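1. How does the following fold in three dimensions:
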Amino acid sequence: MSLARLVVTAVRVEGRSKSEVARDYRVSRRWVQELVRRFDAEGEAGLAARSRRPRTSPQRTAEALADEIVELRKALVDQGLDAGAHTIAYHLSQRHGRAPAPSTIWRILSRRGFVTPQPQKRPKSSYVRFQAELPNERWQADLTHWKLAGDGEVDILNILDDHSRLLVASHARATTKSADVVASFHQAAASYGFPASLLTDNGAIFTAAPRGGGRCAIEVELTRLGIAARHSRPYHPQTCGKVERFHQTLKRWLTPQPTAATVTELQAQLDHFASYYNTQRPHRALDRRTPAATFAVRPKATPLSHDLQAPSHCRVRRDKVDRSGVITLRYNSRLHHIGLGRRHAGVRVLVLVADLEVRVLTEAGQLLRALTLDPGRDYQPQAQT
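-> Here you go, the predicted structure:
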């Protein structure tokens, strides 16, 4: 028998006073009065336990705001953008100057059925995180893949600053070769300066060590510039976790976009997303700041060669050595001819131009010639041996 039934029986059957019953059963006289009233009005049903939930909650989030949170969630998901509680709070604060706490937003989304419980997931508090202290202290580079319309698959090379998560390069190519990594690296350095180190996995375009020693094009270039080359442990992608995670963010955004038919169309989409990601998207790991703002606020790390500066004029172009062993290069509106030798006739090359410093590589990354351009001469002859 429940305590409520005992109390009512003592009052109505035994005829005891409410004060006496309250004292004997160590309950409040008001509760005894309420139980007797409910029993007289509803019978046995009046003794059933009832919810203590208040009829009204003045602090509860208004339904209009809850609806706005849901609509914002749907809009962000449809665009392939991050739609977590912290991101929604950021967008609401941009709209209204204030926003509910992320925990409140999370509860609203849970109540509306937008959050799927994942009790098996490892808690974020158990992660051991590392992060470079300064911008340009370490860049992370990695290759991922994407399908064009018609099922043609292309490569996307992403390079990320470890400290600020700034996307310094995102380049699509039909096939990414070793020399292409050098080209993307120099284009990024022209905009953001040279990093102190570059971290990659052990792919063939990043290192030649697992294939019998030697060095690939990017390793040779990094050594020349005094930049440390670092590689992750084999089969341990967590070492390059920041750029690996960025691949997911990028693909989540690309998925709802119109499928690009060509590499050029895909590159335009990558450029658009890079601008949004760097300058508008709040990053959770950066206390909701943007990567561009985080990159700008601290001094930049430099390579071991501290006097190394990114060139003011930097470009990369492709060419094919003609039958006479020459390629052409336009500098300051003047066409110059660079001799490479007839033995290289027909070879496709990559030309890296940094101010007057010119480096010519094969698509496989072999250096054919490095020279300082003489602007006063149309023909740049090979050095006499």
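2. Skip the chain neighbours and tell me the closest residue to Val70.
-> Distance criterion C-beta to C-beta, 6 or more residues apart in numbering; nearest residue to Val70, sequence neighbours excluded, is Arg112 at 5.6 Å. Quick note: C-beta positions are derived from backbone N, CA and C, even for glycine.
3. From Val360, how far out is that neighbour?
-> To Val360, Arg112 is 60 Å away according to C-beta to C-beta, to the nearest Å.
4. State whether Glu244 is indeed within a helix.
-> Yes: checked against DSSP: H, G, I helix; E, B strand; the rest coil, Glu244 lies within a helix.
5. Could you check how many residues crowd around it?
-> 18 (other C-beta atoms under 10 Å).
6. quick revisit: between Arg112 and Val360, who's got more neighbours?
-> Val360 (23 against 13).
7. Can you name the residues bridging to that one?
-> Val351, Arg369 (DSSP bridges).
8. Verify the stated contact: it with Gln380.
-> No: taking contacts as C-beta atoms under 8 Å, Val360 lies outside contact range of Gln380: 10.5 Å.
9. now the helices for the stretch 51-200 of the chain?
-> In the stretch 51-200 of the chain, the helices defined using DSSP state H, counting those that start in this stretch lie at 63-78, 85-96, 102-111, 178-192.
10. I'd like those as a markdown table, with mean pLDDT and distance to Ala301 appended.
-> Shown next, in a markdown table, are the helices of the stretch 51-200 of the chain (pLDDT from 0 to 100; distance: least, C-beta to C-beta, whole Å):
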| stretch | mean pLDDT | distance to Ala301 |
| --- | --- | --- |
| helix 63-78 | 90 | 34 |
| helix 85-96 | 88 | 28 |
| helix 102-111 | 90 | 33 |
| helix 178-192 | 90 | 11 |
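11. For the helix or strand of the chain with the lowest mean pLDDT, which helices and strands make contact with it?
-> The least trusted helix or strand in the chain, going by mean pLDDT, DSSP states H and E, turns out to be strand 314-320, with a mean of 81. Under the contact definition 3 or more C-beta pairs under 8 Å, 6 or more residues apart in numbering; DSSP states H and E, strand 314-320 sits against helix 178-192, strand 326-331, strand 348-354.
12. Select, out of the ones you listed, the one closest to Tyr25.
-> Using C-beta to C-beta as the measure, helix 178-192 is the one of those that comes nearest Tyr25, at 76.1 Å.
13. Report the angle between that closest one and strand 348-354.
-> Angle of helix 178-192 versus strand 348-354, following axes from the mean of the first three to the mean of the last three C-alpha atoms, to 10 degrees, is 20 degrees.
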